[in-house]
Each structure stands twice: as C-alpha cells, then as structure tokens.
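>>> take a look and give me a structure for this.
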Amino acid sequence: MHKYINNLIRRWKSILPRRKKGQTKEEYDQTVKEWIFRAGVAALMAVALISSITAVARRTVTVSNSVNGRELPVYSVETSKKQVALTFDAAWGDVK
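Numbering: from 1, shown residues only. Reported below is the predicted structural model:
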C-alpha cells in the first residue's frame, strides 16, 4: 500500500509545474496553488459544457420522410408551437 501511495504522489508531482531556478519555496507554492486553481476552473468549465450539450441533445428531434424506400426532405410539419428548423442539403445532385 505504501508503494502504491508513493507512486501516486510521484505521478501527481510530475504534472505540476517545475520549480524555477532561484524561486523561493513560497513563490513556488503560490505558483502551484494558481496552477491547481486554473486546472479546477478548466475542469468545471468542461463539465458545464458537456452537461449543457447533453441537456440540449436530449431535446432534439430528428424527422425524416420516406416514400418507396427513398428518403425525401421534410419541408413543413404541423405544430401548435412556434418553432424554427435549420437544415442543410450537403449532397446536392446526389440522387440514388
């Protein structure tokens, strides 16, 4: 167990910024604290971004129209809510 903990500490120290030549212990400790703070803020921002993307992705609806096995674009859909849909035709002239 002691060997495992020492290995974890060594790995943790390897990602921290290196102590610069002539830097006092207090200056280095401050640098490490700033680095940890920035890494924490970046991690929180990443979590917030991922959670917002998944929240939006759950609300999206995909609509398609198929006639005789051939997919056709949907031009309008009856709905009681005022909504806007944005579509892109990325395969101009690609008829199968």
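
>>> and the average pLDDT for stretch 37-53 is what?
In this model, stretch 37-53 has an average pLDDT of 94.

>>> need the residue closest to the centroid of this protein.
Geometric centre of the chain, nearest residue: residue 50, 4.4 Å, by Cα atoms, centre = their mean.

>>> gap between that residue and residue 70?
Note on residue 50: its distance to residue 70, by Cβ to Cβ, to the nearest Å, is 37 Å. C-betas here are computed from N, CA, C, even on glycine.

>>> hang on, the earlier thing: look up how far residue 43 lies from the residue nearest to the centre of the chain.
Distance, residue 50 to residue 43, by Cβ to Cβ: 11 Å.

>>> kindly report the same for residue 27.
Residue 27 sits 25 Å away from residue 43, taking Cβ to Cβ as the criterion.

>>> over to residue 59?
26 Å.

>>> and these two? Which one has more around it.
residue 43 (10 against 6; other Cβ atoms under 10 Å).

>>> can I assume that one sits in a strand?
No. Secondary structure of residue 43 (DSSP: H, G, I helix; E, B strand; the rest coil): helix, not part of a strand.

>>> going forward, the N-terminal residue is numbered 20.
Sure, I'll start counting at 20 from here, so that last one is residue 62.

>>> what about residue 107, is that helix, strand or coil?
Three-state assignment for residue 107 (three-state DSSP): coil.

>>> state the pLDDT value of it.
With respect to pLDDT, residue 107 has a value of 72.

>>> check residue 26 too.
So, for residue 26, pLDDT stands at 84.

>>> any idea how far it is from residue 33?
From residue 26 to residue 33 the distance is 11 Å (Cβ to Cβ).

>>> please apply the same query to residue 54.
Separation of residue 54 from residue 33 (Cβ to Cβ) stands at 13 Å.

>>> the more surrounded of these two?
Ranked by neighbour count (other Cβ under 10 Å), residue 54 and residue 33 place residue 54 first, with 13 against 8.

>>> check which helix or strand the more buried one maps to.
Residue 54 belongs to helix 44-78 when assigned by DSSP states H and E.
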